[in-house]
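Asks: coordinates for the following, if possible.
(chains A and B)
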Amino acid sequence: MDPVTTLPVLLGIAWLVPLASFTLILLFGPRMGKHGQGAGMLATAAIGTSAVLSLIALFFVWVPAYDWAPEHHAAHAEHGAAEHHDAGHGEAGHDDAHDKDAHGADEHQAEEHKTEEHKTADEHHDWRKPYVAGEWYTLGQFGKLRIGISYYIDSLTVTMFAMITFIATMIHFYANGYMHDELHEITDHEVTLSNGHHLHRPGRFHRFFQYLSLFCFSMLGIVIAGNIAMVFVFWELVGICSYFLIGFYIERKSASNAANKAFIVNRVGDFGMIIGLMILIATLGTFSFGDIDTDGDGTAEPGIFSLVRTEANNYALVVPDGMVRAAAASEIAAGVEPSAEQIAAWRAETGPGGIGRTAYWLLIVAGLGIFCGCVGKSAQFPLHVWLPDAMEGPTPVSALVHSATMVAAGVYLVGRFYPVFTPETLLVIAVIGCITLFIAATIAIVAVDIKRVLAYSTVSQLGYMMLALGVGGWSAGMFHLITHAFFKSLLFMCSGSVIHAVHTNDMTKMGGLRHKMPFTAYTMLAGCLAIMGAGIPFMIGLSGYYSKDAILAQALSFKASNPQWGFLFYVAAAGAAITAFYMFRLWFMTFAGKPRDHHAYDHAHESPKIMYYPLIVLAVLAVVVAWPFWPVSIVALLEQARPEGFHETVNGVLVSNLTHPAEHISHEPNFHIQATWVATFVGLSGLGLAIVFYGLSLLNPAEVARQFKPVYTFLWNKWYFDELYDYIFVRPVLFVANRVAEFDKVVIDGIIDSLAMLTRMVARLDDLSDRYLVDGFVNGLAAWTYATGSKLRSAETGRIRQYVMFIVVGTVAMFVLISLYIS
Amino acid sequence: MSTLLLVTILLPTIGAVVVCLLADQGASGARQTALVTSILTLVLASVLAANFEPPADPAAPFAASAMEWLGPSSHINVEFSLGLDGLSIWMFALSALLLFTCVLVSWEAITDRPAVFYSLLLLLGSGMLGVFAARDLILFYIFFEFTLIPLFFLIGVWGSEDRRYAAVKFFLFTLAGSLLTFLGLLTIVLWNYNHSDAGQMTFSIHELTAGLNAHPLAQPYQLWVFLALFAGFAIKVPLFPLHTWLPLAHTQAPTAGSVLLAGVLLKIGTYGFARFSIPMLPEATAMCIPWILALSAAGIIYGALVALVQTDMKRLIAYSSVSHLGFVMLGLFALTSLGVEGGVLQMVNHGLSTGGLFAIVGMIYERYHTREIAQFGGIARRTPILAFFFLLFTFSSIGLPGMNGFVGEFMILAGMFQRAWTEAPEGFELLYKVIAVASVSGVVLGAWYMLYLVQRVFFGPLREPPVHGHDGHGHDEHGHAAHSDLGHDGHDDHGHGAVDTIPPSSIRDLSFREIMAVAPLVVFIFWIGLHPEFFLSRMQATLEPMTRNAQLAVERMYGEPAAIAGDADQEQVERVSLLAEGVPARDE
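Replies: Residues are numbered from 1 along each chain as shown, chains lettered A, B, ... in the order given. As a prediction, the model looks like this:
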């Protein structure tokens, strides 16, 4: 099968099926079977179809087409060479009325391979990575900027598709059991009305699956998106799905608060992301990742990646022409296009105050802007505060949206946008990831809500991924993203199974549950071992063992190149120990020991099959998914998608002595072996501590907490982030808003009203003057006329003789006057 | 088509007359006539919009007609000339759509003198349609003022408690501005008369634009004329800090008044800027741009902040309008093609989303007779369909992708950033960047105040204000349960038969009529959101030449002197010829 034609179709359908399911449930949800039971099946079937299609795309299209062993790549060179085809056809729903628009756009360029011979087997970094990019549908064109629904498919896309749809399918099955209560009327014990009664409401089973389907569609949209604007669109859509799903129990104040918090905090991240996007659009004039031939002239227009990593420069980072032009805006006369030499000269001005440096800064700001969005979505410090609260949503949501997929979208985007990040930007990413992983891990030590422990663990693991990406470990970060998705969704679903059984999130009310629910207990144990990174050094391990090792090895290699940033490695290692500790604390508190709450224990029972079968599947995968000896290994797949320009060591420009060592260096024994030993040691020490405290109860955790009271309180209050933000953001904004509202009422409206009053005063004066002056004059005139008239009345006697005399005298007088006038 | 346009504009007036004649038939006669009229108007307007083709020549817009009116004498030539182009077509269509919505939302709310109400509403409809179709300055001004009078009565007679004050304030505020505008427009006409050799005083907007570009207004006058126009249009928009009449008028107006005020009448201000100020006075526009952009950004943030702390739903949405109209102005005066198109599109978007929000708030008010946010809670339970629509309009308003608001906001911001980063005039680089970045915060604050509103009113346990004529006191879920005998036993209610256990109430969810009132808006919200190209492609051909002179003026004023020295004459010729030929429609 030709991947260039089949991949967009297969993945496109896999992407759209959940949308169809959403639409159907939206329209007919309540009528689907009893209480909308059919909605669950429909949504499950839809995502199952997507999973099948994605797996076909991965194993039967991608893998046969692109041998992942780089040595063989030259053999596939003939694949390249600008194949054209019409992807718009066969795409359901895309080629109706707008076919005309789509045609011009579809002509897209096939993946390119460089045909050059490889110099040696080791230097395999001069082949271009295979990808398929094109456009399905154009939304609009503004000058040279084009916004459309396009795709960018490389092995990362395909792997993500397979991972997301597979895990989502498992979670859909599970949710059919978990959300069973919603099939009839339910009493929400979390909402206590003022009379002590609980809220009683009809079930919303179909609503849940409706949102879940929409979420799957949006999430897959982020992954398949071929341009950053489309990523942003689906970015917002997953945000809104998350808003609905967190606020699923809208009657609970805590749920609607958490939903608002999640959306608004994410919007804060989006603030940066919009700025990043806008800078890109303003300076580069394209949003597209890959090179797509949009005007149909046979040559592909360069996408962002090709602009930043030009072939001419051997894919090393270069500030794009557009940014140089923007930085030199004041030098450029209106309407004059600077020559290429001029631009190159400007770009070279990298000294302080030089144009090249300004342009470089522009690239950094754009990258940091995009990263801001990722900070929001992936709950990184300082925007991590929404994720633990998001646990208000039903547990399947936590498993799917808030651990495996949506929150990983931020990491995914960093990975996708990797070619655009300068070494300085990467350093910021590493530091943010490092801070996050430490803060979250420490909070997880003291949390007692089983889901919140997992939520903080998620934040911490996302921090790991960011750290890995930030220190140059592209494939390590992406690898951990995949493995984490498996074991964290497993852990969440297990915790959901427990909550389902004991009706509480509070671990202090659990204990000994492994006797009651063995499947849940032992699958969760597999998850805990996986996240801890358990394994026999250099032999075999669970999935986390491989990905965490890769991260630590890269951090170590980064430390070797940049001794001043060595703390990144130490914090990561310490974090690994804490991870092992809090995960086993969770497991022991829940499943081991004696039941703490006998009421809860007595009611506990293993979950139905539809819930624990997915657990078993995921547990097996959490163990085996990362094994390097499969015919298709994840690492090899990811290696294929490695961004251009990151096969070699890169150096910073603004920060001196900043070096990002190439990732293959970390595979060398001196780093790899050391990192493996460190990882094993810290993992075992964390596990040992957990056993000492909670497994064997040799030490009393409460006693320790008392001894370290201030630390404990600090952690218990989650480093006071919520309070801090309340004081430094929420309250000031509300304060200012109130003052502004007063200003509006008093000053602005006051000015208008006093103007009106002034006018009225003038009018009153006017009225007075009118009455006494103008009217007085007129009235006076009238009165005078009247008075004169009255006086003249006396002349009116009625005697003819008198009248004749008046006439005669008058006539004579007139004659006299006339004669005088004439003379 | 030209007859059709004339009929569309006159139809509501005819309907108004019929409504008056049928006044003794009672409320149902009046509203049915009004409904039929508005539906007919909508149908005709849809036919016009469907057949609309972007005019290649500004002198001959779509469905153009011109009748002699005053004159032509030797001196004066005022024509009754109508026509639609890319700038006006969507606002024209939106006016017809919202007129229909307004008749439906007033259906039961208006019981006092319905015949007068509906005839005024229809007259207002004629005015709105006319203002966007007028091609003659005098005709435009007449329609412009014509929209004022019916709305004055609608607010003053059928408004809420403070209606008289609000109506007078609204009327005087707007009138004061528009008189100055008229003065400015007359100056333009006279200048053109004195400097053209036609020997006839023309009032045709197109001819004036062409004339003013051939012999631009001398500099000090041009600025003064710009400011005169600014006075009227900026008040109408309303641009911060000239906005205080708006929240008051909105709060006090009947629902239909609020919908039309927000949906259409505010846009006459932005329309005026795009139609007169920018193309006719390019140099003055270029001079004032930094100020206007700063005021727009200030308005975006100011309106959003004030909205955040409002306690009255209508006031909140009114302030959100100040914020959103700030975006429109930002886009228009960014003067990049993205920004201008986004701004014009956002005029329509705001009409759809805010019009919808006002309509829904009106429906809530009709049910509970209060708009105090604090009195509500969880009414999604009582009125799920109403909540659904409100949420939908909220998402449209905060710019969720797939809906109209996103496209508009995105284009405006992109246009503004383009201006700030690549084409900022010298000396203003920093200011422009600050404005661009600051205005993005409107996106965050917008989500905050709208979602906060939704949460307080629609989520949580049910809490309703007292319903008049029902039981005289408010009840909420617990309040009711406390003194009811519905049979709650407190802990486990599984199996109790009632499907819905909220207390009974006279409050009903949206009726079919109410759904029909807002459903068309939803259709367009998604249409614009998913396929903006349909709307944008029809406006591009008009907007490009309309803003080109101002863009050139910006470049001339702030650009490198070397770039324009020498070929200024050349450029002048080029400008005129561009305007005369128009720009051919973009081939798709």
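
Asks: which parts of chain B are strands?
Replies: In chain B, the segments counted as strands under DSSP state E are B:62-70, B:76-84, B:201-202.

Asks: and the end-to-end length of stretch B:101-114?
Replies: Start-to-end span of stretch B:101-114 (Cα to Cα, to the nearest Å) is 16 Å.

Asks: just how off-centre is that stretch within its chain?
Replies: Taking Cα atoms, centre = their mean, to the nearest Å, one finds the center of stretch B:101-114 at 21 Å from the center of the full chain.

Asks: same question, stretch A:138-152
Replies: With Cα atoms, centre = their mean as the basis, the distance from the averaged C-alpha position of stretch A:138-152 to the chain average is 21 Å.

Asks: swap in stretch A:627-643?
Replies: Here the centre of mass of C-alpha atoms in stretch A:627-643, compared against the chain's by Cα atoms, centre = their mean, lies 26 Å away.

Asks: can you check stretch A:339-348 too?
Replies: Centroid separation for stretch A:339-348 versus its chain: 36 Å, with Cα atoms, centre = their mean.

Asks: and it, does that touch chain B?
Replies: No: using Cβ under 8 Å from any Cβ of the partner chain, stretch A:339-348 never reaches chain B; the gap is at least 13.9 Å. All C-beta spots, glycine's among them, are computed from the backbone N, C-alpha and C.

Asks: go through that stretch and flag the buried ones.
Replies: When burial is assessed from 16 or more other Cβ atoms under 10 Å in any protein chain shown, stretch A:339-348 yields the following buried residues: A:Q342, A:I343, A:W346, A:R347.

Asks: shaky segments in the stretch 101-250 of chain A?
Replies: Along the stretch 101-250 of chain A, the model assigns pLDDT under 70 to residues A:101-128, A:142-144, A:194.

Asks: the strands in it, which residues?
Replies: Using DSSP state E, counting those that start in this stretch, the strands assigned to the stretch 101-250 of chain A run over residues A:132-142, A:145-153, A:186-192, A:198-201.

Asks: export the strands of chain B to JSON lines and tack on distance to A:H647?
Replies: Conversion of the strands of chain B to JSON lines gives the following (distance: least, Cβ to Cβ, whole Å):
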{"stretch": "strand B:62-70", "distance to A:H647": "58"}
{"stretch": "strand B:76-84", "distance to A:H647": "58"}
{"stretch": "strand B:201-202", "distance to A:H647": "70"}
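
Asks: around chain A, which positions in the stretch 1-150 of chain B sit nearby?
Replies: For the stretch 1-150 of chain B, the contact set with chain A under Cβ under 8 Å from any Cβ is empty.

Asks: taking the stretch 1-150 of chain B, what residue is nearest to chain A?
Replies: The shortest separation between the stretch 1-150 of chain B and chain A is 13.6 Å, found at B:A50 (distances taken as Cβ to the nearest Cβ).

Asks: tell me, how many residues neighbour the closest residue to chain B within the stretch 551-700 of chain A?
Replies: With distances taken as Cβ to the nearest Cβ, the stretch 551-700 of chain A approaches chain B most closely at A:H603, which sits 13.5 Å away. Counted with other Cβ atoms under 10 Å in any protein chain shown, the burial measure for A:H603 works out to 12 neighbours.

Asks: mind listing what it touches?
Replies: Remark: with contacts taken as Cβ atoms under 8 Å, 6 or more residues apart in numbering or on different chains, A:H603 is in contact with A:A501, A:V502, A:H503.

Asks: now the first one: which helix or strand?
Replies: Same thing as A:A501. Following DSSP states H and E, the helix or strand that holds A:A501 is helix A:474-502.

Asks: residues in contact with A:C374?
Replies: By Cβ under 8 Å, 6+ apart, the neighbours of A:C374 are A:G269, A:M273, A:Q380, A:A409, A:G410, A:V411, A:L413, A:V414, A:M466.

Asks: in this model A:I370 seems to touch the second one, though I could be wrong.
Replies: Think A:M273. Yes: with contacts counted by Cβ atoms under 8 Å, A:M273 reaches A:I370, the gap being 5.9 Å.

Asks: can you pull the phi/psi pair for the residue in the stretch 351-500 of chain A positioned nearest to chain B?
Replies: Distance from chain B to each residue of the stretch 351-500 of chain A (Cβ to the nearest Cβ) is smallest for A:L362, at 7.8 Å. For A:L362, the backbone dihedrals are phi -60, psi -40 (criterion: degrees, to the nearest 10).

Asks: in space, what's closest to it - neighbours in sequence excluded?
Replies: Residue nearest to A:L362 in three dimensions, not counting chain neighbours: A:M323, with 4.7 Å by Cβ to Cβ, 6 or more residues apart in numbering or on different chains.

Asks: contact partners for the one you found?
Replies: A:M323 makes contact with A:T283, A:L284, A:A359, A:L362, A:L363, A:A366 under the criterion Cβ under 8 Å, 6+ apart.

Asks: burial measure for the fourth one, as a count.
Replies: Same thing as A:L362. By other Cβ under 10 Å, neighbour count at A:L362 equals 22.

Asks: with the third one instead?
Replies: Counted with other Cβ under 10 Å, residues neighbouring A:A359 total 26.

Asks: list phi and psi for it.
Replies: Residue torsions, per degrees, to the nearest 10, at A:A359 are phi -60, psi -40.

Asks: quick revisit: what about the residue nearest to A:L362, which SS state?
Replies: helix (DSSP: H, G, I helix; E, B strand; the rest coil).

Asks: from the contacts of A:M323, which two are the most distant?
Replies: A:L284 and A:A359 (11.7 Å; Cβ to Cβ).

Asks: quick check: A:A255 touching A:F244?
Replies: No: using Cβ under 8 Å, A:A255 and A:F244 do not qualify as a contacting pair, with a distance of 10.8 Å.

Asks: which residue sits closest to A:G221 in space, ignoring its chain neighbours?
Replies: In this structure, A:G221 finds its nearest non-sequential neighbour in A:F234, 3.6 Å apart by Cβ to Cβ, 6+ apart.

Asks: so what's the residue in the stretch 401-550 of chain A that chain B sits nearest to up against?
Replies: Taking Cβ to the nearest Cβ as the measure, the stretch 401-550 of chain A has A:H503 as its residue closest to chain B, at 12.5 Å. Counting by Cβ under 8 Å, 6+ apart, A:H503 touches A:H189, A:A600, A:H603.

Asks: likewise A:Y243?
Replies: The neighbours of A:Y243, taking Cβ under 8 Å, 6+ apart as the test, are A:A259, A:N260, A:A262, A:F263, B:L451.

Asks: tell me how far the first one lies from chain B.
Replies: So the one you mean is A:A259. In this structure, A:A259 and chain B are separated by 8 Å, where distance is defined by Cβ to the nearest Cβ, to the nearest Å.

Asks: element containing that residue?
Replies: A:A259 belongs to helix A:253-284, assigned by DSSP H and E.

Asks: got the angle for that helix vs strand A:145-153?
Replies: Per axes from the mean of the first three to the mean of the last three Cα atoms, to 10 degrees, the angle that helix A:253-284 makes with strand A:145-153 is 110 degrees.

Asks: go through helix A:253-284 and flag the buried ones.
Replies: Residues of helix A:253-284 classed as buried under the neighbour-count rule (16+ other Cβ under 10 Å) are A:253, A:255-284.

Asks: A:T797 belongs to a helix?
Replies: No: A:T797: not assigned to a helix; according to three-state DSSP it is coil.

Asks: quick revisit: pLDDT wise, what is the residue of the stretch 551-700 of chain A closest to chain B at?
Replies: Confidence at A:H603, expressed as pLDDT, is 82.

Asks: where does pLDDT dip in chain B?
Replies: Low-confidence regions of chain B, defined here as pLDDT under 70, cover residues B:71-74, B:468-502, B:558-588.

Asks: now the contacts of A:H503 in CSV, with distance to A:P202?
Replies: CSV is the format used below for the contacts of A:H503 (distance: Cβ to Cβ, whole Å):
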residue, distance to A:P202
A:H189, 16
A:A600, 27
A:H603, 25
